[in-house]
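**Student:** starting from these lines, generate the structure:
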Amino acid sequence: MKIYIKYMVSLRCKKMVGSELKKLGVVMPKINQGMVEFQEELSAEQKKQFQKRILSLGFEVLDDENSKLLDRISTSINDLIYKHTEMSRQQYPDYLIEKLGFDYSEIKHLFSEVHGINLPQFILVQQVERIKEMLLYEDLKIKEIAKKLHYRNGAQLTRVFKKVTDLTPFYFKKMKEKRMEVQLESSSK
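**Tutor:** Numbering: from 1, shown residues only. Below is the predicted model of the structure:
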């Protein structure tokens, strides 16, 4: 069971929510920015108490309709990055509008209220995670990844990667290779 919470956008916020859940005797859930994922269903009374306590902290629990929309947004972004690789980044807003049936400004507004990051930034971070996977597991060159993900060239991809991670893709890949060497050395001893 997931509950989305508006304005829960920092580590401090997550700790406050965790503290309230502990007071309610809830088995410790997974707490992310803007979302709490419970291992077990909450009773009606626990839900009511949780919502009351969250409201007193300045947060707001989203209704079921908006919660479902956030799940659909996340799924759609994942689809964009992993399944619809033929689509350029400029087409993403149109895809989300068509897929979700909402105005793009509504989608962005709800997303940023809950997750504390604007939607284009989130998409960029998710793309960088995809680039990391491609670097580590698909043995592709930077220019090949750039072409697959619709960057103009390897230099543009490198700029974006560095902006998000503070590392170049080349350095990131070298770090992985060094870790592998260290693991091999320690396992052979």
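
**Student:** can you give the domain ranges for the chain?
**Tutor:** 2-61, 66-177 (automatic domain parsing).

**Student:** go through those domains and find the least confident stretch.
**Tutor:** If these are sorted by mean pLDDT, domain 2-61 sits at the bottom with a mean of 86.

**Student:** just the terminal-to-terminal distance for that domain.
**Tutor:** End-to-end span of domain 2-61 (Cα to Cα, to the nearest Å): 11 Å.

**Student:** ok, back up a step: adding mean neighbour count and distance to Glu185, write the domains of the chain out as TSV.
**Tutor:** For every residue, glycine as well, the C-beta is placed using N, CA and C. Listed next are the domains of the chain as TSV, based on neighbours: other Cβ atoms under 10 Å; distance: least, Cβ to Cβ, whole Å:
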stretch	mean neighbour count	distance to Glu185
domain 2-61	15	35
domain 66-177	15	13
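
**Student:** export those domains to a markdown table and append columns for distance to Leu184.
**Tutor:** Output for the domains of the chain, formatted as a markdown table (distance: least, Cβ to Cβ, whole Å):
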| stretch | distance to Leu184 |
| --- | --- |
| domain 2-61 | 33 |
| domain 66-177 | 11 |
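
**Student:** which stretches of this protein form helices?
**Tutor:** Under the criterion DSSP state H, the chain contains helices at 11-23, 44-56, 64-82, 92-100, 104-115, 119-137, 142-148, 154-165, 169-187.
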